[in-house]
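# generate a structure from the sequence data that follows.
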Amino acid sequence: SVSMDQFSVGNNLVITETHKIPLIADGKVFRIITVINDISDYKNAEAALKDSEEKYRSVVNNSLEAICVIQDKKFKYFNPGMLRLFGYSESELYSLPPEETVYPEDREKVTILRHRRLKGENVSGNYFHRILTKSGRVRWVEIKTVTINWNKKPAILVFLTDTTEKKEAEEELQKAYDQLENEIKIRTEDYKKAKEEAELANSLKSKFLANISHELRTPMHHILSYSKYGMNKINKVNHDKLQHYFTQIRISGGRLLSLLNDLLDLSKLESGQVVYEFKKANLASTVDQIVKEYKHVSNENSIKIEVNQADVNPIITCDETKISQVLHNLMANAFKFTPEGETIKIRFSETSLPLGKRKADKHFVRSLKIEVVDAGTGIPENELESIFDKFDIIPVFLITPETSEERIRKIDTLSKGFIYMVSSSSTTGTK
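Just a heads-up that it's a prediction; the model follows:
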């Protein structure tokens with residue numbers, strides 16, 4: 001018979017196993033051999049192993065991670081976490097090939113990694129892929145794999161951590177980052193655009209101030225000059241001459257008032273639009289009046305003004321005020337650059353303009369061409385491209401420079417006309 005006993009020796013627990021073997025002769029037991037073995041170490045090791053297995057099982061079964069063993073393309077073991085992650089029952093999961101739990105687009109990658117690991121290759125055991133649950137939901141998992149022996153055969157121990165929420169959070173964070181980066185880009189572009197617009201506005205302001213000062217200075221100069229003549233010659237000239245001085249002062253004052261009214265009309269300044277008043281006008285009279293206004297300037301600088309009207313009909317439909325303004329600008333520039341003793345020429349000729357702006361337009365209308373030719377040094381060829389740069393307010397026409405074989409720069413005006421700048425040399429002046 002076999003029996004076990006335990007007793008304490010000091011602080012140690014001693015476990016013994018007693019074997020009693022009877023010796024029998026003539027049908028009678030004549031002696032009993034007793035063998036007592038100390039199995040304390042064995043029992044302690046057995047208890048420790050059992051305790052370790054229980055602890056390991058408790059850890060594995062209560063782990064938040066899903067844990068499984070894959071061998072021969074089958075699940076050989078899995079913990080409850082696998083059932084929670086995939087939503088299958090224990091029997092369903094055991095009958096399911098492991099590859100079918102992987103998202104179709106990731107299966108090839110996962111299968112290759114598992115196969116290489118089983119062959120003993122040194123491949124990464126940590127990666128991410130998507131899985132398919134029983135309900136068809138796609139989830140992201142982090143994979144950690146270890147090659148082990150299972151029933152004396154190679155197998156893969158797999159730890160799966162659900163990272164779906166983390167992945168979604170990362171995607172949302174990346175989306176927010178991209179959105180923020182885009183907003184920063186847009187704001188940077190807006191700031192750059194605002195900066196460029198501010199610089200352009202400042203440049204236009206400077207150009208406007210330079211141009212408007214030129215516009216205002218001409219009639220003001222006329223007023224001062226004729227009033228000076230009147231004051232100096234009040235007792236030396238007849239009534240008609242004084243009347244002429246006062247008339248010129250009146251005309252220049254009217255032109256100055258018109259410019260100031262345009263300047264103070266904020267709606268025009270803000271919209272950039274100008275109202276044109278088209279009616280029949282005799283541009284010969286307009287030119288004659290401008291020549292009279294510049295008579296004193298002509299005399300002071302010994303510059304002649306030659307007008308050649310030929311046999312041209314000077315009556316056309318236009319905005320006479322705007323045309324007069326353009327001619328005043330051209331005359332002012334001509335006087336500015338014509339040397340003393342030279343001649344400024346004003347020439348009239350007939351031409352035609354297309355009714356439309358398309359190249360295919362073949363209908364033309366009778367037009368009047370007025371040339372103002374100075375005797376200055378001319379405009380350098382490299383400045384012809386910018387000579388008619390756009391001013392938002394004055395001059396009051398929209399400018400679109402083009403290039404032709406004759407090196408003509410054309411301005412397409414809202415008054416249905418054109419103004420040309422012809423390239424000139426240092427001896428022929430500017431036209």
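# so where's the stretch 301-431 of the chain uncertain?
Along the stretch 301-431 of the chain, segments meeting pLDDT under 70 span 356-361, 378-431.
# got the residue ranges for the helices in it?
Along the stretch 301-431 of the chain, the segments classed as helices by DSSP state H, counting those that start in this stretch run 320-337.
# and the strands in it?
Using DSSP state E, counting those that start in this stretch, the strands of the stretch 301-431 of the chain run over residues 304-308, 315-318, 343-354, 364-373, 408-412, 418-422.
# now tabulate those in TSV and tack on mean neighbour count and distance to residue 157.
C-betas here are computed from N, CA, C, even on glycine. Formatted as TSV, these follow (neighbours: other Cβ atoms under 10 Å; distance: least, Cβ to Cβ, whole Å):
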stretch	mean neighbour count	distance to residue 157
strand 304-308	14	106
strand 315-318	16	95
strand 343-354	16	87
strand 364-373	16	92
strand 408-412	18	82
strand 418-422	16	87
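# out of these, nearest to residue 132?
Residue 132 lies closest, by Cβ to Cβ, to one member of these: strand 408-412, at 68.1 Å.
# would you map the strands across the stretch 151-300 of the chain?
Here the stretch 151-300 of the chain has its strands, by DSSP E, counting those that start in this stretch, at 153-162, 279-282.
# reformat the ones you listed as a markdown table; add distance to residue 256 and mean pLDDT.
Formatted as a markdown table, those follow (distance: least, Cβ to Cβ, whole Å; pLDDT from 0 to 100):
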| stretch | distance to residue 256 | mean pLDDT |
| --- | --- | --- |
| strand 153-162 | 84 | 92 |
| strand 279-282 | 20 | 90 |
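# most packed of these?
Stretch with highest mean neighbour count among those: strand 153-162 (a mean of 18; mean count of other Cβ atoms under 10 Å).
# which elements pack onto it?
If you count contacts as 3 or more Cβ pairs under 8 Å, 6 or more residues apart in numbering; DSSP states H and E, strand 153-162 packs onto strand 66-71, helix 80-86, helix 107-118, strand 138-150.
# switch the cut-off to 10 Å
strand 66-71, strand 74-78, helix 80-86, helix 107-118, strand 126-132, strand 138-150 (3 or more Cβ pairs under 10 Å, 6 or more residues apart in numbering; DSSP states H and E).
# any idea which of the strands of the stretch 151-300 of the chain gets closest to residue 203?
Among these, strand 279-282 comes nearest to residue 203, with 34.5 Å by Cβ to Cβ.
# let me see the contact set for the closest residue to residue 142 other than its chain neighbours.
Excluding its sequence neighbours, the residue lying closest to residue 142 (Cβ to Cβ, 6 or more residues apart in numbering) is residue 161, at 4.4 Å. For residue 161, the contacting residues are 63, 64, 65, 66, 81, 85, 128, 140, 141, 142, 143, 144, by Cβ atoms under 10 Å, 6 or more residues apart in numbering.
# the same query, at a cut-off of 7 Å, please.
65, 141, 142 (Cβ atoms under 7 Å, 6 or more residues apart in numbering).
# quick revisit: dump the strands of the stretch 301-431 of the chain to TSV, plus distance to residue 216.
TSV is the format used below for those (distance: least, Cβ to Cβ, whole Å):
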stretch	distance to residue 216
strand 304-308	23
strand 315-318	23
strand 343-354	22
strand 364-373	21
strand 408-412	22
strand 418-422	21
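# quick one, which of those is nearest to residue 98?
Closest among these, once you apply Cβ to Cβ, is strand 408-412, at 76.8 Å.
# ok so, going back, what's the closest of the strands of the stretch 301-431 of the chain to residue 246?
For residue 246, the closest of the strands of the stretch 301-431 of the chain is strand 304-308, at 22.2 Å, according to Cβ to Cβ.
# now stretch 177-185: mean pLDDT?
In this model, stretch 177-185 has an average pLDDT of 92.
# stretch 54-71 now?
For stretch 54-71, mean pLDDT is 81.
# can you list the residues that contact that stretch?
Stretch 54-71 has contacts (Cβ under 7 Å, 6+ apart) with 75-82, 85, 98, 150, 153, 155-161.
# for the stretch 151-300 of the chain, just list every one of the helices.
Counting by DSSP H, counting those that start in this stretch, the helices of the stretch 151-300 of the chain are 164-232, 239-264, 266-271, 283-293, 295-301.
# looking at those helices, which is buried most?
By mean neighbour count, with neighbours taken as mean count of other Cβ under 10 Å, helix 283-293 ranks first of these at a mean of 18.
# taking helix 164-232 as reference, get the angle to that one.
70 degrees (axes from the mean of the first three to the mean of the last three Cα atoms, to 10 degrees).
# still on that earlier bit, pipe the helices and strands packed on strand 153-162 into JSON lines and attach distance to residue 183 and mean neighbour count per row.
Below are these laid out as JSON lines (distance: least, Cβ to Cβ, whole Å; neighbours: other Cβ atoms under 10 Å):
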{"stretch": "strand 66-71", "distance to residue 183": "40", "mean neighbour count": "20"}
{"stretch": "strand 74-78", "distance to residue 183": "47", "mean neighbour count": "17"}
{"stretch": "helix 80-86", "distance to residue 183": "38", "mean neighbour count": "18"}
{"stretch": "helix 107-118", "distance to residue 183": "36", "mean neighbour count": "15"}
{"stretch": "strand 126-132", "distance to residue 183": "30", "mean neighbour count": "15"}
{"stretch": "strand 138-150", "distance to residue 183": "28", "mean neighbour count": "15"}
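# of these, which approaches residue 174 most closely?
strand 138-150 (14.2 Å).
# ok, that closest one: who's next to it in the sheet?
Strand 138-150 has the following strand partners under DSSP bridges: strand 126-132 (antiparallel), strand 153-162 (antiparallel).
# got a list of contacts for it?
Here strand 138-150 makes contact (Cβ under 7 Å, 6+ apart) with 69, 71, 76, 103, 117-118, 125-133, 154-164, 167.
# repeat for stretch 311-329
For stretch 311-329, contacts defined as Cβ under 7 Å, 6+ apart pick out 218, 258, 276-284, 286-287, 290, 348-350, 368, 395-396, 415, 419.
# ok, stretch 39-52 next?
13, 14, 15, 16, 17.
# how far away is the first one from residue 38?
The one in question is residue 13. Distance of residue 13 to residue 38, computed by Cβ to Cβ, to the nearest Å: 11 Å.
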